[in-house]
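Asks: Got a sequence here, can you model it:
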Amino acid sequence: MSFELPYKDIKSKLISMDSVMEKVIAATPVDVEPMPDVDIYRNLMQSIVSQQLSTKVAEIIWQRFLNLFPDQEAHPEAVVNLEFTTLRGVGLSGSKSNYIQNVARFALNNDMSFEKLSSLGDEEVIRYLTEIKGVGKWTVQMILMFPLDRPNVFPVDDLGIQTKMKHWYGLESEKKALRTDMEKVAQNWAPFRTLACKYLWASEIQKG
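Replies: Numbers count the residues shown, from 1 in each chain. Modelled structure (predicted):
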């Protein structure tokens, strides 16, 4: 269920399937590379910490969080046993502190291994992990696209993707209509929508 072709071959296919994508890829200063990671639990925790924060601030808070553990590993048992004030003390909001502990509790009682999730389809993974309070569809889509490296994920609600598609594809619609227009464009990228999105994120919009 992961990529069966090297990214460079898929990039060529995307260019042949969508002429605009050729411009997007040309505006990307560094080639996109796969980033698979077997530690889904850690990725999910880090994704929650990083939500709605700049990259720099997210990195600082994440490191403070890891520093709470002697081996720099947020083992589920240790996370569940942390005082709420301790989590707040490293810079996590009240809601994120709750969500972090929800992920840890889920990990204690459910299989979150790479092997388990790799055996599930994309929608099955979304249903499975969104059982955790505080983990939404977008968060799981990031897990699918990066550590699981699934090939055909399209996070239509991602603000970065919306902004880049508006620019590159000249979309002027908003809200529900925008999502409909985005889905129509993204049909041209199937079954490689993940890589198309990664190039959109990485593309640089020239001003002026």
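Asks: domains of this structure?
Replies: 7-34+153-202, 40-145 (automatic domain parsing).
Asks: The protein: helices as residue ranges?
Replies: Ranges of helices within the chain are 7-17, 19-26, 40-50, 55-66, 76-80, 84-89, 94-109, 114-118, 122-129, 137-145, 159-169, 175-186, 193-202, based on DSSP state H.
Asks: Just list the residues touching the residue nearest to the spatial centre of the chain, thanks.
Replies: Nearest to the geometric centre of the chain sits Met142, at 1.7 Å (Cα atoms, centre = their mean). Contact partners of Met142, counting by Cβ atoms under 8 Å, 6 or more residues apart in numbering, are Ser47, Pro155. Where C-beta positions appear, they are placed from N, C-alpha and C, glycine not excepted.
Asks: Now do it, the pLDDT please.
Replies: pLDDT recorded at Met142 is 95.
Asks: one step back: quick one: closest of the helices of the chain to Pro151.
Replies: helix 193-202 (5.3 Å; Cβ to Cβ).
Asks: Buried residues of stretch 6-16, list them for me.
Replies: For stretch 6-16, burial by neighbour count (16 or more other Cβ atoms under 10 Å) applies to Tyr7, Ile10, Lys11, Leu14, Ile15.
Asks: just stretch 170-183 next, same as before
Replies: Neighbour-count burial for stretch 170-183 flags Leu171, Leu178, Asp181, Met182 (criterion: 16+ other Cβ under 10 Å).
Asks: what about dumping the CA coordinates of that stretch to CSV?
Replies: The C-alpha coordinates for stretch 170-183 follow below in CSV (Å, rounded to 0.1, in the frame of the first residue of the first chain):
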residue,chain,number,x,y,z
GLY,A,170,-6.1,29.9,-10.5
LEU,A,171,-8.9,28.7,-8.2
GLU,A,172,-11.1,31.6,-7.0
SER,A,173,-13.8,29.7,-5.2
GLU,A,174,-14.1,29.5,-1.4
LYS,A,175,-15.2,27.0,1.3
LYS,A,176,-17.2,24.0,0.0
ALA,A,177,-17.0,25.1,-3.6
LEU,A,178,-13.2,25.4,-3.3
ARG,A,179,-12.9,21.9,-1.9
THR,A,180,-15.0,20.6,-4.9
ASP,A,181,-12.8,22.4,-7.4
MET,A,182,-9.7,21.0,-5.6
GLU,A,183,-11.0,17.5,-5.7
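Asks: Please report the distance of the spatially closest residue to Lys11 that is not a sequence neighbour from Thr85.
Replies: Nearest-residue entry for Lys11: Ile25, 6.2 Å, with adjacent residues in sequence omitted and distances by Cβ to Cβ, 6 or more residues apart in numbering. Using Cβ to Cβ, to the nearest Å, we find Ile25 at a distance of 48 Å from Thr85.
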